[in-house]
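*Asks:* My questions are about this predicted structure, shown below with the sequence.
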Amino acid sequence: MRLKIAAAAIVGLAALGLYSTSVLAQDGGKNASDGVYTGAQSDAGKAGYASKCASCHGDALTGGEMAPPLAGGDFMANWNGLTVFDFFDRVRKTMPLGKEGSLNRDETAQITAFILNSNGYPAGSTALDTHDEVLKMIKLDTKR
């Protein structure tokens, strides 16, 4: 009996994930310039960036000897056309140097929001989601 309940729960969750992804895909997804994070999320990310990222990427996000810039033309050239998921996943799995994978999803979303803000993407009224299937539907576009 427990096995049937567990199987039904898994099928239900999978269907919900497919449904939410297909709903987003139907409207073409979003662009980062649509305001996909909140100001409060970016503010929290500023503190996280200062404590976990700035020592390598610089206080002004301009990069360092071994770390690429996280703001400006070089950042935009490297990430334009990719998704927020691509960036989020890279940060979550490979940062900070020496403590790779130590950021949880909320911290990663906050730092990502701060970096989006630092690149001129506007804040919106909804926090940046932390679910992969949603983040994959948000394109890092050249600002309009």
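*Replies:* Noted; the coordinates are in hand. Quantities reported herein were computed from a predicted structural model and do not represent experimental measurements. Numbers count the residues shown, from 1 in each chain.
*Asks:* from here on, contacts and neighbour counts on C-alpha atoms
*Replies:* Noted.
*Asks:* quick one: which helix or strand includes the residue sitting nearest the centre point of the chain?
*Replies:* Nearest residue to the geometric centre of the chain (C-alpha atoms, centre = their mean): residue 88, 3.7 Å. Taking DSSP states H and E as the criterion, residue 88 maps to helix 84-94.
*Asks:* can you give me how far the helix or strand following that helix is from the chain middle?
*Replies:* Sequence order places helix 105-118 as the next helix or strand after helix 84-94, per DSSP H and E. How far helix 105-118 lies from its chain's middle: 6 Å, per C-alpha atoms, centre = their mean, to the nearest Å.
*Asks:* how about helix 105-118: buried residues?
*Replies:* 105, 107-118 (16 or more other C-alpha atoms under 10 Å).
*Asks:* just stretch 47-64 next, same as before
*Replies:* Buried positions in stretch 47-64, judged by neighbour count with 16+ other C-alpha under 10 Å: 48-50, 52-54, 56-58, 61-63.
*Asks:* again with stretch 77-92
*Replies:* Neighbour-count burial for stretch 77-92 [16+ other C-alpha under 10 Å]: 79-80, 83-86, 88-89, 91-92.
*Asks:* And the helix holding residue 88, what does it pack against?
*Replies:* Here helix 84-94 touches helix 105-118, helix 132-135, strand 138-139, going by 3 or more C-alpha pairs under 8 Å, 6 or more residues apart in numbering; DSSP states H and E.
*Asks:* Would you mind writing the CA trace of that helix as PDB?
*Replies:* Once non-C-alpha atoms are left out, helix 84-94 reads as follows in PDB (Å, rounded to 0.1, in the frame of the first residue of the first chain):
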ATOM      1  CA  VAL A  84      19.300  32.200 -15.800                       C
ATOM      2  CA  PHE A  85      19.500  28.500 -15.000                       C
ATOM      3  CA  ASP A  86      22.800  28.200 -16.800                       C
ATOM      4  CA  PHE A  87      24.300  31.000 -14.600                       C
ATOM      5  CA  PHE A  88      22.500  29.900 -11.400                       C
ATOM      6  CA  ASP A  89      23.700  26.300 -11.800                       C
ATOM      7  CA  ARG A  90      27.300  27.300 -12.500                       C
ATOM      8  CA  VAL A  91      27.400  29.400  -9.400                       C
ATOM      9  CA  ARG A  92      25.600  26.800  -7.200                       C
ATOM     10  CA  LYS A  93      27.800  23.900  -8.200                       C
ATOM     11  CA  THR A  94      31.200  25.600  -8.700                       C
END
